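>>> below: sequence and its predicted model.
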Amino acid sequence: MSLTTLYDVALGLLALVGAAALALALMLASPVRRPPALASIHAGAIGIDGTGAPDLSRFQARDGTWLAYRLYPARNGGQDGIAILAHGSSASSMEMNAVAKALAGAGVTAVALDFRGHGASGTRGDIAYPGQLDDDFADLIAELRKTYPATRFSLIGHSSGAGFALRIAGSKLGDAFERFVLLAPYLGHSAPTNRPAAGPALWASPDLPRILVSVLLDKLGIDWPQSLPAVAFATAPEAKMFVTSQYSFRLMQNYTAPPDWRGAFAGAKGRIAVIAGADDELMDAEAYRRALPPLGVAVTIVPGVDHMGIVYKAEAIKAILAAMVEGSS
């Protein structure tokens, strides 16, 4: 091969590399677009009564960041049971106020966490690395053990927080929990329990080009794009001060169900119950009934309750309390 030919080949390769780099750059540059506010979710969030919510407490995570939570001591003074509560996507600990108060009244201490990237914990919409929420969760358990050394833990999550609870159930951290109560759990984008995400029922709008590039570059050891926003939620503009309207790629990947959600259900050591509203506009309640009992998971459908109502409507609260005592000795 002549020098001229080698030169032409080299130029061709450089052109291909340049074109590929430009294409990747353009895909990364595509802005995440927030969908129109989802009225039912906004109305449901407004319907949450904040009366009686305790002030925020804080614990220090392993990276030195102080993370926020609300502590609801058991009204009877009992210390042998603690329920940790995981809010849904974009929300904060206040979302779980009604559930936490009901648990405290029933003799169970409740801890409602502002997960990092939400509320008063860390930078809104981002975490430092995939898996940081798991590390934070382990740090919270260690912190609670200082005050409640012999307590039995339960984990109650809503929507994406329920998906995260399932992630914990299927991991080594799950050994610390005797039960999990999942409220309208989001089990991943391909799960059969999701309703079609379109039109008036669109809650989350992912930036697919940016996500694809982030996945590709991660395989090459390049992780900086993971800090970029990758999904936006249909939050109302007037709620901006109270919610997290978008997630970075790494937060999106962490605050959700594990990829093998069926395996997580099957492998969990603690009891798992799923509760969903019959009128849930984001999740298909009947699909839970079809998919989960074969995995040994009890499913309760609450009539007249939608996606947000599952965390504060009276009938939903009754179902949650029932799930907490079922099978207890």
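Ah, there it is.
>>> can I get the CA coordinates of stretch 173-181 in PDB?
C-alpha atoms of stretch 173-181 as PDB (Å, rounded to 0.1, in the frame of the first residue of the first chain):
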ATOM      1  CA  LEU A 173     -29.400  -4.800  52.700                       C
ATOM      2  CA  GLY A 174     -32.700  -6.500  52.500                       C
ATOM      3  CA  ASP A 175     -31.600  -8.900  55.200                       C
ATOM      4  CA  ALA A 176     -32.200  -6.100  57.800                       C
ATOM      5  CA  PHE A 177     -36.000  -6.000  57.000                       C
ATOM      6  CA  GLU A 178     -38.700  -8.400  58.000                       C
ATOM      7  CA  ARG A 179     -41.300  -7.000  55.600                       C
ATOM      8  CA  PHE A 180     -41.800  -4.700  52.600                       C
ATOM      9  CA  VAL A 181     -45.000  -2.900  51.600                       C
END
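>>> can you list contacts of it?
Stretch 173-181 is contacted by residues 134, 137-138, 141, 152-157, 165-166, 168-169, 268-273, 275, 320, 323-324, 327 when judged by C-beta atoms under 8 Å, 6 or more residues apart in numbering. Every residue, glycine included, has its C-beta placed from N, CA and C.
>>> narrow those to those that are buried.
Among these, those buried by neighbour count (16 or more other C-beta atoms under 10 Å) are 134, 137-138, 141, 152-157, 165-166, 168-169, 268, 270-273, 275, 320, 323-324.
>>> so of the residues you listed, which ones are in helices?
Those of the buried ones among the contacts of stretch 173-181 mapping onto helices are Asp134, Phe137, Ala138, Ile141, Ala165, Leu166, Ile168, Ala169, Ile320, Ala323, Met324, per DSSP state H.
>>> in CSV: these, plus pLDDT.
Putting these into CSV (pLDDT from 0 to 100) gives the following:
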residue, pLDDT
Asp134, 98
Phe137, 98
Ala138, 97
Ile141, 97
Ala165, 98
Leu166, 98
Ile168, 97
Ala169, 97
Ile320, 98
Ala323, 97
Met324, 94
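>>> can you add distance to Ile84 and give those back as JSON lines?
Shown next, in JSON lines, are those (distance: C-beta to C-beta, whole Å):
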{"residue": "Asp134", "distance to Ile84": "13"}
{"residue": "Phe137", "distance to Ile84": "8"}
{"residue": "Ala138", "distance to Ile84": "12"}
{"residue": "Ile141", "distance to Ile84": "8"}
{"residue": "Ala165", "distance to Ile84": "9"}
{"residue": "Leu166", "distance to Ile84": "14"}
{"residue": "Ile168", "distance to Ile84": "9"}
{"residue": "Ala169", "distance to Ile84": "12"}
{"residue": "Ile320", "distance to Ile84": "14"}
{"residue": "Ala323", "distance to Ile84": "15"}
{"residue": "Met324", "distance to Ile84": "12"}
